[in-house]
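Colleague: the amino acid sequence is not available; the structure is as follows:
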């Protein structure tokens, strides 16, 4: 059956709606090969249709299969892009190595470009009135309280707070910190909220 | 240091005085509308910048207070709430811009010519860049490797449109007469919205009322 592989590809991707799977390079290559074969067959038959009208339907079916393949491949890429976007909001501009591995090189390049575009937008915010931009990836959740209690999950080292105090983040130490200043560290998994 | 008795000039040449409270209210309702409307709404960058200026001003005042002062804590909490609203407002707009970037860019091109742009210049630039990156990515990964007649990036097929037929809750800020609701059967119905009344309606017939502030989405 035509376009069978591409459906497999989409089903695979659908099975995992939240996290991202490794980029399926191999299958995509196979699908593209199928498209080239279909195209070649169509070229031959299309030239022959002048004598034999009955080939016309065959050509059309193959053409639909080609279009379907194209549409589904793009859908695959598009849904992956949506997931990669959320990675940018969760991890920031630098991806952890294990996540980075799941993206293809082209996707990583897209991620970098997306990240740069977003960064330059955020930098521009409030520039007219003397701001250095606003980081929209902070303040993701509505603020509930100014300070939260956090548990340190890894040896991080020194952290300088906005008011100039310096604290030492050691593994298994507990701190009472301003919410706004530990959001990024919580998302990176260095701190864990316990209150 | 109270938010309410700070008068700020919105623009220096016009000398239009509005209070920080009004700015915050306007911003809140813009945020609420943006969150609830399916399509992108005209930007309120003036309000955002005004509020940001006000935040800066308040932060400076708070820093003058001793750390243990109760007022400082309360004001800080208030500020972080306002900051959240601003961030969430801008982020909601960004995610709409990303999702509907093809139709938004097409419509925006005409709006820029007539000077009625919905996006800020930076948002516009962001949208263009975003679409370009998406197109390039799809081209390098699959489209360029397809047979010759399949290589086009067909933006009309890729476009995702906001669902203008979705229903919204709304409250009328003033009395509006003769809102035309289209019927599926083709029979139009006209209704009047009383000031302060609440309704559930399709978004499309009231889209313009949201944009000019006559109704508030809730």
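Modeller: Arrived safely. The structure presented is a predicted model; accordingly, all values stated were derived computationally and were not measured.

Colleague: so what's the residue in chain B that chain A sits nearest to closest to, chain neighbours aside?
Modeller: Closest to chain A within chain B is residue B:147: 3.5 Å, counting by Cβ to the nearest Cβ. Yep, even glycine has a C-beta here, placed from its N, CA and C like the rest. Spatial nearest neighbour of residue B:147, excluding adjacent residues (Cβ to Cβ, 6 or more residues apart in numbering or on different chains): residue A:39 at 3.5 Å.

Colleague: tell me how far the one you found lies from residue A:69.
Modeller: According to Cβ to Cβ, to the nearest Å, residue A:39 and residue A:69 sit 10 Å apart.

Colleague: what sits against the residue of chain B closest to chain A?
Modeller: Residues near residue B:147 by Cβ atoms under 8 Å, 6 or more residues apart in numbering or on different chains: A:35, A:36, A:38, A:39, A:66.

Colleague: now flag whichever of the residues you listed is closest to chain B.
Modeller: Nearest to chain B among these: residue A:39, at 3.5 Å, using Cβ to the nearest Cβ.

Colleague: if I read this right, residue A:181 contacts residue A:162, doesn't it?
Modeller: Yes. If you go by Cβ atoms under 8 Å, residue A:181 and residue A:162 touch, sitting 6.3 Å apart.

Colleague: which of the two has more neighbours?
Modeller: residue A:181 (15 against 10; other Cβ atoms under 10 Å in any protein chain shown).

Colleague: where along chain A do the helices fall?
Modeller: Assigned by DSSP state H, chain A shows helices spanning A:4-14, A:25-48, A:55-91, A:97-100, A:105-124, A:179-187.

Colleague: what do you get for chain B?
Modeller: For chain B, applying DSSP H gives helices covering B:20-36, B:45-64, B:70-99, B:101-114, B:121-141, B:155-158, B:203-211.

Colleague: looking at those, which is nearest to residue A:89?
Modeller: helix B:70-99 (8.7 Å; Cβ to Cβ).

Colleague: who's in contact with the residue lying closest to residue A:177 once chain neighbours are set aside?
Modeller: The shortest distance from residue A:177 to any non-neighbouring residue, by Cβ to Cβ, 6+ apart, is to residue A:150 (5.8 Å). Residue A:150 is in contact with A:174, A:175, A:176, A:177, A:182, A:185, A:186, A:191, A:192, A:193, A:194, A:195, counting by Cβ under 8 Å, 6+ apart.

Colleague: reformat those as JSON lines; add neighbour count.
Modeller: JSON lines is the format used below for the contacts of residue A:150 (neighbours: other Cβ atoms under 10 Å in any protein chain shown):
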{"residue": "A:174", "neighbour count": "10"}
{"residue": "A:175", "neighbour count": "18"}
{"residue": "A:176", "neighbour count": "9"}
{"residue": "A:177", "neighbour count": "21"}
{"residue": "A:182", "neighbour count": "22"}
{"residue": "A:185", "neighbour count": "19"}
{"residue": "A:186", "neighbour count": "16"}
{"residue": "A:191", "neighbour count": "24"}
{"residue": "A:192", "neighbour count": "13"}
{"residue": "A:193", "neighbour count": "13"}
{"residue": "A:194", "neighbour count": "10"}
{"residue": "A:195", "neighbour count": "10"}
